[in-house]
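1. The following comprises the amino acid sequence and a computationally predicted model.
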Amino acid sequence: MKDENNDDYFEKQTPSILRSIGGLLTFSTILPLNIYTTIDEMARLTWFWPVLNGLIGLIATIIAFILAKFIHFDPFLIATIVYGFLLLINGFNHFDGLMDFGDGVMVHGSPEKKLSIMKDPMTGVGGISTGFIVGTITIAAYTSLINYAYAVSLKFLLLIIVAEIAAKIGLTTCCISSQSSEDGIGKYFIKYMNLKNYVIGLIICFIIAVALSLSPGIHIGLLGIIGGAFGGALTALLAKKHLKIANGDVLGTSNELGRLFSLIAMLVLISINFSALI
């Protein structure tokens with residue numbers, strides 16, 4: 001039996017797509033899969049991460065459906081539970097990156113100084129405020145979406161899956177748009193994210209979004225994916241301006257902003273077309 005604590009444990013393993021997928025889920029969630037692989041092998045599937053995150057969105061959607069259909073919770077309470085679940089299952093890693101990023105971009109000084117602030121274990125007012133603003137708007141967006149689900153059809157809850165796919169589209173967009181730092185795990189995801197794989201992943205996600213948004217309108221799901229890409233591009237732009245490079249905290253931020261802008265984009269279209277959807 002192989003000892004996974006040995007330094008050469010992973011080197012003895014034959015590359016496997018299934019193990020890479022399992023390793024990526026183990027790395028990015030608190031799911032007790034206990035499937036481990038090398039960072040390189042796992043990062044090669046960065047382009048597939050949005051599809052995997054759809055599974056997390058599916059679990060969140062099931063939770064929202066049960067709370068809405070059978071328990072009839074208030075939309076705000078459902079939204080808070082769903083968002084709390086998504087943060088928890090990701091181990092708060094992306095949200096922690098968002099807060100660190102908020103601390104870094106709010107301080108005056110050189111990119112090196114901003115990066116050192118981001119690596120500081122203490123969280124300042126910039127990070128707390130950023131987390132509060134993004135978290136509050138995200139919960140409000142979920143509340144609006146669930147209100148529409150109550151008013152029109154619970155099929156609108158499927159857009160929660162679209163938003164989670166879009167969150168990782170935000171991350172892959174940031175990867176393809178950024179220069180990586182010299183250290184940290186984030187550099188591997190940026191390294192293995194190329195334009196060809198990005199486009200393939202984007203097309204797959206567009207197809208899934210269309211399938212999930214047939215009831216409210218396929219243009220709503222499509223715009224949700226575009227909103228996620230916008231959130232990632234915006235994060236990359238801010239990182240270039242303030243830090244010059246991107247690290248794990250920047251990628252975590254792109255995930256949270258990708259979800260947020262995806263929800264907002266979809267809600268704009270739903271609001272515009274609400275009378276036609278009833």
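-> It's in.

2. in the chain, which spans are strands?
-> With DSSP state E, there are no strands along the chain.

3. Low-confidence bits of it, can you list those?
-> Within the chain, the segments meeting pLDDT under 70 span 1-15, 278.

4. was I right about Gln179 contacting Ala246?
-> Yes - using C-beta atoms under 8 Å, Gln179 is in contact with Ala246, at 6.7 Å. Bear in mind the C-beta positions are built from the backbone N, C-alpha and C, glycine included.

5. and for the two, which residues touch both?
-> Listed as contacting both Gln179 and Ala246 by C-beta atoms under 8 Å, 6 or more residues apart in numbering are Ile190.

6. Among these two, which residue is more densely surrounded?
-> Ala246 (28 against 13; other C-beta atoms under 10 Å).

7. Tell me how far that one lies from Leu212.
-> 29 Å (C-beta to C-beta, to the nearest Å).

8. Might you report the residue contacts of the closest residue to Phe156 other than its chain neighbours?
-> Leaving aside its chain neighbours, Phe156 sits nearest to Ala149 (3.9 Å; criterion: C-beta to C-beta, 6 or more residues apart in numbering). Each residue near Ala149 by C-beta under 8 Å, 6+ apart is listed here: Ala64, Ala68, Lys155, Phe156, Leu157.

9. What's the ChimeraX line that selects buried ones from those?
-> Buried residues among the contacts of Ala149 (16 or more other C-beta atoms under 10 Å), as a ChimeraX selection:
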select :64,68,156,157
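
10. could I get the contacts of Ala149 as JSON lines with distance to Asp74?
-> Formatted as JSON lines, these follow (distance: C-beta to C-beta, whole Å):
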{"residue": "Ala64", "distance to Asp74": "12"}
{"residue": "Ala68", "distance to Asp74": "10"}
{"residue": "Lys155", "distance to Asp74": "20"}
{"residue": "Phe156", "distance to Asp74": "16"}
{"residue": "Leu157", "distance to Asp74": "15"}
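
11. Could you give the number of residues near Pro121?
-> Neighbours around Pro121, by other C-beta under 10 Å: 5.

12. An error on my part: the question was meant for Ser110.
-> Using other C-beta under 10 Å, Ser110 has 11 other residues around it.

13. any idea how far the closest residue in space to Thr253 that isn't next to it in sequence is from Leu277?
-> Sequence neighbours aside, Phe101 is the residue nearest to Thr253 in space, at 4.2 Å (criterion: C-beta to C-beta, 6+ apart). Noted for Phe101: a distance of 36 Å to Leu277, by C-beta to C-beta.

14. Confirm for me that Ala233 is in contact with Cys174.
-> Yes - look at Ala233 against Cys174 with C-beta under 8 Å: they come within range, at 7.4 Å.
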